[in-house]
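Student: Got a predicted structure plus its sequence, pasted below:
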Protein chains: 2
Amino acid sequence: MNVQRLDRAARGRNLSAEHWAQAALDAIAAGGLEAVAVEPLARRLGVTKGSFYWHFPNREALVHAALQLWEKQETEDAVAGVEQEPDPYERIVKLFKRANASYRAGRLYLALAAASDDPAVGRVVRRASARRLDYLYKCYCALGLSEHDARLWSTFAYATYIGNQQVHRDAPDRFPEGAEFREYFKLMLRTLIPRPGGDSAPSRQTVAAK
Amino acid sequence: MNVQRLDRAARGRNLSAEHWAQAALDAIAAGGLEAVAVEPLARRLGVTKGSFYWHFPNREALVHAALQLWEKQETEDAVAGVEQEPDPYERIVKLFKRANASYRAGRLYLALAAASDDPAVGRVVRRASARRLDYLYKCYCALGLSEHDARLWSTFAYATYIGNQQVHRDAPDRFPEGAEFREYFKLMLRTLIPRPGGDSAPSRQTVAAK
DNA sequence: TTCATGACATACGCAGGCGTATCGAACGCG
DNA sequence: CGCGTTCGATACGCCTGCGTATGTCATGAA
């Protein structure tokens, strides 16, 4: 519902720089940074390089634009529907929900992160990671944790958050689905969010076998 | 102790196929699968393509050899020093320790996983992930969890395990170090390994086996 | 010594991607 | 209507990597 297919001749008759940037993001999600190649992208958009080099001075500029677009979209829908949630517990829950909602977004992040040897990409990935971590950190602080504990727990939660996307991609058949996923999800929430009133050790209630 | 620098003229005077495979793994760890390119690798090894095409029919064969080598090394040092540990709790602890021990191994996995669009790579990555997950799953079963709970907890733990490597790479400055890391580590263990007894009590060997 | 083979080096053709240069068509407007 | 700006097509040269074909040189068996 978000990513409109902006193929050739979609918007009026001419492409804009943002069309190219969006296509670049699609390419990254599908094939990594190396897939951001001018001529293949042009073919995919139904135009030729001539068009590209009118909008951008070179490939690097496209990558740059794509990264900017990504960062914008990232922060936009990170804020959307979370910022106005007053309860810090629910805020974290929503963040986790969002994390597992969009498979594509996860792939995109992973692909970008994999390309963070590229200095430009690395900077953006580090910035984005830092922002997410900081936000989570604040949520944990708001839960009543000390700064120190909040730092540990937020890092922990974020690692799990990222790791889930990774596992989902690398071992899709092993990743829980449907009802089991919902249970898995609840387990994570129970475990990763020390609720006000409890301490750092979550309750342990392992139910009996099937 | 394992990866010897096998640059040119290291082993006697001639290279072997395994030299090439090891160099390919290094290249993957450093620059992703795309970095496995014949001519650059040859330069790095101080030879020319002529050598390469004597040992391998084509690039794909090199990638294949590298993947095999990786899988071998993976399973070898996964088994090493863990298999003979009788206490399942300690087994999991050791797995986690190992995970955070070798930064290079983590990078290698992440780089391979990022390239799992390539069918050959994908197969290997999925196999490796599945093996690790299954092993963790068995450890959790040995802890006394039901099969169902063991599945949830092992997936959870593995996601965190992978996620840590990712965070360590993508937000190195935010990842805990030194004393803080040791605390972080203990928090993860405490949280991710439901122990049958209390918390601070030493080991409680529930199951012998093995 | 001869010579076959192992382990390379050298030289080539080819494909694909980058970037440039030039050309053309559709407006927008005065 | 004329004309510049916008947007894109075509055609070119360059580089890098793949793969092949062939040359070369040391060495160990005959």
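Tutor: Nice, I can see it. Residues are numbered from 1 along each chain as shown, chains lettered A, B, ... in the order given.
Student: Let me see the contact set for the residue in chain A that chain B sits nearest to.
Tutor: Proximity of chain A to chain B (C-beta to the nearest C-beta) peaks at residue A:163, 2.7 Å away. C-beta: built from backbone N, CA, C; applies to glycine. Residues near residue A:163 by C-beta atoms under 8 Å, 6 or more residues apart in numbering or on different chains: B:158-164, B:166.
Student: between those, which is closest to residue B:21?
Tutor: The nearest member of these to residue B:21, counting by C-beta to C-beta, is residue B:162 at 24.3 Å.
Student: What sits closest to the closest one if chain neighbours are left out?
Tutor: residue A:163 (4.3 Å; C-beta to C-beta, 6 or more residues apart in numbering or on different chains).
Student: Make sure the one you found is indeed in a helix.
Tutor: Yes. Applying DSSP: H, G, I helix; E, B strand; the rest coil, one finds residue A:163 inside a helix.
Student: Residue A:173: what secondary structure?
Tutor: coil.
Student: got the residue ranges for the strands in chain A?
Tutor: Using DSSP state E, chain A contains no strands.
Student: now it, which segments are flagged as low pLDDT?
Tutor: A:1-14, A:196-210 (pLDDT under 70).
Student: Where do the domain boundaries of it fall?
Tutor: Per the record, chain A has its domains at A:1-70, A:81-193, by automatic domain parsing.
Student: Distance from the first one to the middle of the chain?
Tutor: In terms of C-alpha atoms, centre = their mean, to the nearest Å, the centre of domain A:1-70 is found 20 Å from the chain centre.
Student: That one near DNA strand D anywhere?
Tutor: Yes. Using C-beta under 7 Å from any atom of the strand, domain A:1-70 comes into contact with DNA strand D via A:13-15, A:42, A:46-51, A:53-55.
Student: sorry, back to before: of the domains of chain A, which approaches residue B:97 most closely?
Tutor: The closest of the domains of chain A to residue B:97 is domain A:81-193. By C-beta to C-beta, the value is 15.8 Å.
Student: can you give me the end-to-end distance of that closest one?
Tutor: 20 Å (C-alpha to C-alpha, to the nearest Å).
Student: what do you get for stretch A:40-51?
Tutor: Using C-alpha to C-alpha, the end-to-end distance of stretch A:40-51 comes to 13 Å.
Student: can you tell me if it touches DNA strand C.
Tutor: Yes. Interface with DNA strand C: stretch A:40-51 contributes A:40, A:49-50 (C-beta under 7 Å from any atom of the strand).
Student: What residues sit buried inside that stretch?
Tutor: For stretch A:40-51, a neighbour-count test (16 or more other C-beta atoms under 10 Å in any protein chain shown) marks A:41-42, A:45, A:47, A:51 as buried.
Student: and which of the residues you listed is nearest to residue A:70?
Tutor: The nearest member of the buried residues of stretch A:40-51 to residue A:70, counting by C-beta to C-beta, is residue A:41 at 15.8 Å.
Student: Can you get me a residue count around the spatially closest residue to that closest one that is not a sequence neighbour?
Tutor: Leaving aside its chain neighbours, residue A:41 sits nearest to residue A:23 (5.4 Å; criterion: C-beta to C-beta, 6+ apart). As a burial measure, residue A:23 scores 22 neighbours (other C-beta atoms under 10 Å in any protein chain shown).
Student: For chain A, which segments count as helices?
Tutor: A:17-31, A:38-45, A:49-55, A:59-79, A:88-101, A:103-114, A:119-142, A:147-170, A:178-192 (DSSP state H).
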